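Student: Predicted model and sequence follow; I will ask about them next.
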Amino acid sequence: MSAFPRHARPTNKPRLPIQATAFDASGVVNEQYTVHPDRTAQSSGKPTGLSSGTDQSQYLSWSRLQHDDVSGELLKTHVYHDIPSSGYDTKDTNYTETVFGYDPQGRRDRVVSPGGTITRSVFDAVGRFASQWVGTDDTPSSGTWSPANNSGANMTKVAEYQYDDGDDGGNGNRTKQISYLTDDVEANARVTKFTPRPLDP
């Protein structure tokens, strides 16, 4: 599928790069790229797609998305800064990679950025965001990482969320966000409090 932003009738070409999206056999997006407006194919003054012979050597930008074959979850993205004329080439040399992980309930709970920074999201018993952790090593000395099993890893809690003022049985409204700055002591953190809007009678 291609988009032709700001199509100019005098030239029958877009003024901006052509935006193209490719899908796999199940209809999931697996590539997005842009090409020069000169690659516009047209009929009767209207764009119909990319001109014959357009390949990745003409790409101006390119990103690839890898999904799980069964769940459809996004596993990796590759964003190119040096596009090869063919093939995919090499991580870091040609593209940056972001990796995503999920918990058994299918919630995204782990992101590894191109620079290696790991962001972990922790959920409470009813599926709400409970806290967020950042570091470069989430492999503990034994077992699987969790806030209670951080020995051997270097994950640091950077945010924590509270609901219904900490009371059980509420409506699930977020009432406090704690953004930790230097340590995990609330008194040293930036605290934002929220007041839920009361229900209309």
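Tutor: In hand now; what should we look at?

Student: So, low pLDDT: which residues of this protein?
Tutor: 1-14, 41, 45, 48, 198-201 (pLDDT under 70).

Student: Okay, domains of it per the record?
Tutor: Each domain of the chain is listed here as a residue range: 1-102, 103-201, per automatic domain parsing.

Student: In CSV, list those along with mean neighbour count.
Tutor: Using the backbone N, CA and C atoms, a C-beta is placed for each residue, glycine as well. CSV is the format used below for the domains of the chain (neighbours: other C-beta atoms under 10 Å):
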stretch, mean neighbour count
domain 1-102, 14
domain 103-201, 13
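
Student: contacting residues for the closest residue in space to Pro196 that isn't next to it in sequence?
Tutor: Sequence neighbours aside, Asn173 is the residue nearest to Pro196 in space, at 4.0 Å (criterion: C-beta to C-beta, 6 or more residues apart in numbering). Neighbouring residues of Asn173 by C-beta atoms under 8 Å, 6 or more residues apart in numbering: 163-164, 194, 196.

Student: which among these gets closest to Pro17?
Tutor: Phe194 (41.6 Å; C-beta to C-beta).

Student: I'd assumed Asp38 was in a helix, is it?
Tutor: Yes - under DSSP: H, G, I helix; E, B strand; the rest coil, Asp38 sits within a helix.

Student: how close does it get to Ser51?
Tutor: For Asp38, the distance to Ser51 equals 8 Å [C-beta to C-beta, to the nearest Å].

Student: now do Asp184
Tutor: 57 Å.

Student: in its sheet, what does the helix or strand containing Arg110 sit against?
Tutor: Assigned by DSSP states H and E, Arg110 falls within strand 108-112. Within its sheet, strand 108-112 is paired with strand 95-102 (antiparallel), strand 118-123 (antiparallel), according to DSSP bridges.

Student: so after the shortest one, what's the next helix or strand?
Tutor: This points to strand 118-123. Assignment by DSSP H and E places the next element after strand 118-123 at strand 129-135.

Student: What is that following strand packed up against?
Tutor: strand 118-123, strand 156-163 (3 or more C-beta pairs under 8 Å, 6 or more residues apart in numbering; DSSP states H and E).

Student: ok, residues contacting that strand?
Tutor: 117-124, 147, 153-161.

Student: Just the C-alpha atoms of that strand, please, in CSV.
Tutor: C-alpha atoms of strand 129-135 as CSV (Å, rounded to 0.1, in the frame of the first residue of the first chain):
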residue,chain,number,x,y,z
PHE,A,129,0.7,-0.7,35.8
ALA,A,130,2.3,-1.0,39.2
SER,A,131,5.9,0.2,38.6
GLN,A,132,8.5,0.7,35.9
TRP,A,133,12.2,-0.3,36.1
VAL,A,134,15.2,0.7,33.9
GLY,A,135,18.7,-0.7,33.6
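
Student: how far off strand 118-123 does that strand point, in degrees?
Tutor: Per axes from the mean of the first three to the mean of the last three C-alpha atoms, to 10 degrees, the angle that strand 129-135 makes with strand 118-123 is 160 degrees.
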